[in-house]
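Peer 1: Got a sequence here, can you model it:
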Amino acid sequence: MGSRFLKYFLFVIMIFGLGFVVLSGNSKKVITTSNINSVKSLQAVHIVNKYNSIKEAEKKVEIPFFESFYDAISVASTSPVAFNGKLTAYGPDCPGCSGNSACPPRQNFKNGNIYFEDQVYGTVRVVAADRSIPCGSIVRISGINIYSEPILAIVMDRGGAVNGNHMDLLFTSQSNLEGFVTSNVKFELIRYGW
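Peer 2: As a prediction, the model looks like this:
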């Protein structure tokens, strides 16, 4: 008799609980993601939502354009800036290159990985820039002759010949990069350092 009563009691509780959920009109959805080991994560959803919010906010903000690189850099720590410049290309196997980024975490590029996984902007390209632009800065680059859309890059490297409004985009190898120069590229510095 006690077992039968317990089953009836649990059934009634379940019906009331189901009725409460239906009547409350709860429209929230819990989205989980899984990594390659099938471990579910809500944190990834929050990062994606934060990234999407940042992307929407950036679309609405008009980034001021500066004719002078040095004028742009003088205010870049307080607001996004844009300026024109020259983009060249390099590989981790270039003469004088160590194959590792000059900026922490000193990523090894010799393995063909030309991307960096940023916590806010996701997967972005790597670029070498003038020392006045701090490591971890995010740059949107428009007008590259081999890409139809702007790309996002992170400043993770330096170079002896990379000064002022000249940046150097990382490719997997130095071979076949000779002559890759894109002048009059638009750089939008949307994050200043980490």
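
Peer 1: next one: phi and psi at the one residue sitting closest to the centre of the chain?
Peer 2: Closest residue to the average C-alpha location of the chain: residue 121 at 2.3 Å, with CA atoms, centre = their mean. Dihedral angles of residue 121 (phi, psi; degrees, to the nearest 10) stand at phi -90, psi 0.

Peer 1: likewise residue 4?
Peer 2: phi -70, psi -40.

Peer 1: now residue 101
Peer 2: Main-chain torsions, residue 101, degrees, to the nearest 10: phi -70, psi 150.

Peer 1: Run a quick check on it versus residue 157, I expect a contact.
Peer 2: Yes - using CB atoms under 8 Å, residue 101 is in contact with residue 157, at 5.1 Å. (Each C-beta comes from the backbone N, C-alpha and C, glycine too.)

Peer 1: And stretch 91-99, what's buried?
Peer 2: For stretch 91-99, a neighbour-count test (16 or more other CB atoms under 10 Å) marks 91-92, 94, 97 as buried.

Peer 1: who's in contact with the closest residue in space to residue 64 that isn't next to it in sequence?
Peer 2: Distances taken as CB to CB, 6 or more residues apart in numbering put residue 81 closest to residue 64, at 6.1 Å, once the chain neighbours are dropped. Going by CB atoms under 8 Å, 6 or more residues apart in numbering, residue 81 touches 63-66, 72-73, 75, 188-189.

Peer 1: If any of those are buried, give me the PyMOL selection for them.
Peer 2: Applying 16+ other CB under 10 Å to these, the buried members can be selected in PyMOL as follows:
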select buried, resi 63+66+72+73+188+189
